[in-house]
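> Turn this into a model:
(chains A and B)
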2 protein chains.
Amino acid sequence: MPRYRLTLEYDGRPYVGWQRQNNGPSVQQALEEALTRLTGETVQLTAAGRTDAGVHATAQICHLEIDKDIEPGRLRDGMNAHLRDESVVVLAAHYAHEDFHARFSAVGRAYLYRILDRRARPVLDRGRVWWHPRPLDAGAMHEAAQLLLGTHDFSSFRAKECQAASPVKTLDRLEVSRIGEEVQMVVEARSFLHHQVRNFAGTLALVGLGTWTQDDLRQALEARDRRAGGPTAPPDGLYLTRVDYPSELLSESD
Amino acid sequence: MPRYRLTLEYDGRPYVGWQRQNNGPSVQQALEEALTRLTGETVQLTAAGRTDAGVHATAQICHLEIDKDIEPGRLRDGMNAHLRDESVVVLAAHYAHEDFHARFSAVGRAYLYRILDRRARPVLDRGRVWWHPRPLDAGAMHEAAQLLLGTHDFSSFRAKECQAASPVKTLDRLEVSRIGEEVQMVVEARSFLHHQVRNFAGTLALVGLGTWTQDDLRQALEARDRRAGGPTAPPDGLYLTRVDYPSELLSESD
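Residues are numbered from 1 along each chain as shown, chains lettered A, B, ... in the order given. Presented below is the predicted three-dimensional model:
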């Protein structure tokens, strides 16, 4: 029974999120239905990160097994033919090692958070950036963000609904930089708490506005209490951009 | 009667183009109606470039006159309040010199043409790039493109409907470069023929595919006949990104 790894791009706007839910269409459902139409089989997908409603991906990873052995390039093209009316596309398909698990094998995840920092609302990037009309000091945000690096109890940036066993995570990278009117935040860790990146974005924006000092951020982190953290930034600006795996689990067909 | 210069961003998809037409909504109409709701006046806008249906702008320039003297920042915000349901936004408003004319005062125009060069169709950038599933050699496109620089009769790249007095134009810049999966073309000239940039893109893609040599491109240019040029690339990938004016015509309020 061949196992496959898929790399996916999607626009999160039309979806309730990655995971199947009763309240609307999900990315998972769109892909599983395309697979069923293609193979006649009932297939279940597992993703590296269960992104929320409105959150985008430029390189989400998922795995699946099917009875029929379809050459990966034909699986990609066949799925994409059935996804024409959807906002998700298969960028690449590969045979996966039998031990490969999109979620549990992942050793690193990278997210991009885009803030459009200008007075006029976004038009070309509507729904794909967080519109922040008040000027942000990206340098101050970057400096303060370095306090968050390393291993901490991130309870202050954790959503109530978070199902992680522990609030302790190790943050490997948090870079904030300005590119024209855009303030971009690149965040990397082995894994994240629910809403952690959006809570970082919402909180660092307070630093960028001058409302919070570095010390306020430090105190918020040390409080280990969600009420001490800043607001949750909208999903619009969030992109899952990379998932890392041990090379021995990436199939020779790469 | 104060004169204003506006800088505009728009997504061309919902519009029949810049100019008012009977077959659908135009960018000009959306802006003029917002101005009427704001000022109670009937206002006519003149743009630097009358972009076609589906063509985007990150910095279109237009001018207008109104009886009421509204501080430029308030004009921008007031118009944007009336443009909430539209795909156009006013990025900036300035008082304009009485001799400033968005179209006739322009001494330079810059366009970006974006080609998504990958097997999978675009999702995040749907409608905002030309999807080109077959691999392009951006280096070969750039090299060949340099033949087009300078003053030429560009009839081979001119749309039938073109209303320019002469097919002779001077091309100042045509840079083709690859940025990941995207092939970007930056084109600058004082002015352009109708469809000139899209015809460059469609023709250079033939070079990028290896279907055409540099010599084929030279011969197409020298033929001075639209039938000798390559196909017209879709509007999706085209962006008006800059318009230049003599500094003395840019008001002190800049």
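> Around chain B, pick out the residues from chain A.
Taking CB under 8 Å from any CB of the partner chain, the part of chain A that reaches chain B is made up of A:9-11, A:56, A:58, A:76-77, A:80, A:84, A:87-91, A:118-124, A:126, A:128. No exception for glycine: its C-beta is placed from N, CA and C like everyone else's.
> Can you turn the buried part of these into a PyMOL selection?
Here is the PyMOL command that selects the buried residues among the residues of chain A next to chain B (16 or more other CB atoms under 10 Å in any protein chain shown):
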select buried, chain A and resi 9+10+11+56+58+76+77+80+87+88+89+90+91+118+119+120+121+122+123+124+128
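> How about the contacts made by the closest residue to A:P167 other than its chain neighbours?
Leaving aside its chain neighbours, A:P167 sits nearest to A:S155 (4.3 Å; criterion: CB to CB, 6 or more residues apart in numbering or on different chains). Contacts for A:S155 (CB atoms under 8 Å, 6 or more residues apart in numbering or on different chains) come out as A:167, A:224-226.
> Make a markdown table from the residues you listed and add pLDDT, secondary structure and neighbour count to it.
Shown next, in a markdown table, are the contacts of A:S155 (pLDDT from 0 to 100; DSSP: H, G, I helix; E, B strand; the rest coil; neighbours: other CB atoms under 10 Å in any protein chain shown):
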| residue | pLDDT | secondary structure | neighbour count |
| --- | --- | --- | --- |
| A:P167 | 96 | coil | 17 |
| A:R224 | 96 | coil | 16 |
| A:D225 | 96 | coil | 11 |
| A:R226 | 96 | helix | 19 |
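> nearest to chain B, of the residues you listed?
Nearest to chain B among these is A:R226, at 30.7 Å by CB to the nearest CB.
> For the residue lying closest to A:A92 once chain neighbours are set aside, pull up the helix or strand it's in.
Sequence neighbours aside, A:T7 is the residue nearest to A:A92 in space, at 4.2 Å (criterion: CB to CB, 6+ apart). Per DSSP states H and E, A:T7 falls inside strand A:3-10.
> if we can go back for a sec, against B:R119, how distant is the residue nearest to A:A92?
12 Å (CB to CB, to the nearest Å).
> Of the residues of chain A next to chain B, which belong to strands?
A:9-10, A:56, A:58, A:88-91 (DSSP state E).
> ok so, going back, over to the residue nearest to A:P167: give its phi and psi.
Backbone geometry at A:S155, expressed as degrees, to the nearest 10, gives phi -50, psi -30.
> With A:D11 instead?
The phi and psi values for A:D11, taken as degrees, to the nearest 10, are phi -100, psi 120.
> so who does the nearest residue to it once chain neighbours are set aside touch?
Leaving aside its chain neighbours, A:D11 sits nearest to A:S87 (4.1 Å; criterion: CB to CB, 6+ apart). Applying CB under 8 Å, 6+ apart, we find A:S87 in contact with A:10-15, B:123, B:126.
> give me the beta-bridge partners of the one residue in the stretch 151-254 of chain A that gets nearest to chain B?
Residue of the stretch 151-254 of chain A nearest chain B, by CB to the nearest CB: A:Y239 (8.4 Å). Taking DSSP bridges as the rule, A:Y239 bridges to A:H56, A:L112.
> Assess the claim that it and A:H56 are in contact.
Yes. Contact between A:Y239 and A:H56 holds when scored by CB atoms under 8 Å: they sit 4.7 Å apart.
> Which stretches in chain A count as strands?
Assigned by DSSP E, the strands in chain A fall at A:3-10, A:46-47, A:56-65, A:88-95, A:108-116, A:130-131, A:150-153, A:168-179, A:182-189, A:238-244.
> Could you give the separation of the second one from the chain centroid?
The offset between the C-alpha centroid of strand A:46-47 and the centroid of the whole chain comes to 13 Å, using CA atoms, centre = their mean, to the nearest Å.
> ok, it: who's next to it in the sheet?
Next to strand A:46-47 in the sheet, as set by DSSP bridges, lie strand A:56-65 (antiparallel).
> pLDDT of stretch A:45-54, averaged?
Computed over stretch A:45-54, the mean pLDDT rounds to 96.
> quick one: the nearest residue in space to A:A110 that is not next to it in sequence from A:G108, how far?
Nearest non-adjacent residue to A:A110, counting by CB to CB, 6+ apart: A:R242, 3.9 Å away. With distances taken as CB to CB, A:R242 is found 8 Å from A:G108.
> what does A:V187 give?
11 Å.
> what about these two, which has more around it?
A:V187 (24 against 15; other CB atoms under 10 Å in any protein chain shown).
> Was I right to think the more buried one contacts A:L204?
No. Using CB under 8 Å, A:V187 makes no contact with A:L204, being 10.3 Å away.
> Would you mind measuring the gap between the ends of stretch A:183-199?
Distance across stretch A:183-199, first residue to last, is 16 Å (CA to CA, to the nearest Å).
> Low-confidence ranges, the stretch 51-200 of chain A, go.
The stretch 51-200 of chain A contains no residues with pLDDT under 70.
> returning to that earlier point: could you dump the contacts of A:S87 to JSON lines with distance to A:A34?
JSON lines is the format used below for the contacts of A:S87 (distance: CB to CB, whole Å):
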{"residue": "A:Y10", "distance to A:A34": "12"}
{"residue": "A:D11", "distance to A:A34": "16"}
{"residue": "A:G12", "distance to A:A34": "17"}
{"residue": "A:R13", "distance to A:A34": "19"}
{"residue": "A:P14", "distance to A:A34": "15"}
{"residue": "A:Y15", "distance to A:A34": "14"}
{"residue": "B:V123", "distance to A:A34": "13"}
{"residue": "B:R126", "distance to A:A34": "17"}
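> Skip the chain neighbours and tell me the closest residue to A:T46.
A:A102 (5.1 Å).
> neighbours around the nearest residue to A:V168 once chain neighbours are set aside, how many?
Nearest non-adjacent residue to A:V168, counting by CB to CB, 6+ apart: A:D153, 5.1 Å away. Counted with other CB under 10 Å, the neighbours of A:D153 add up to 15.
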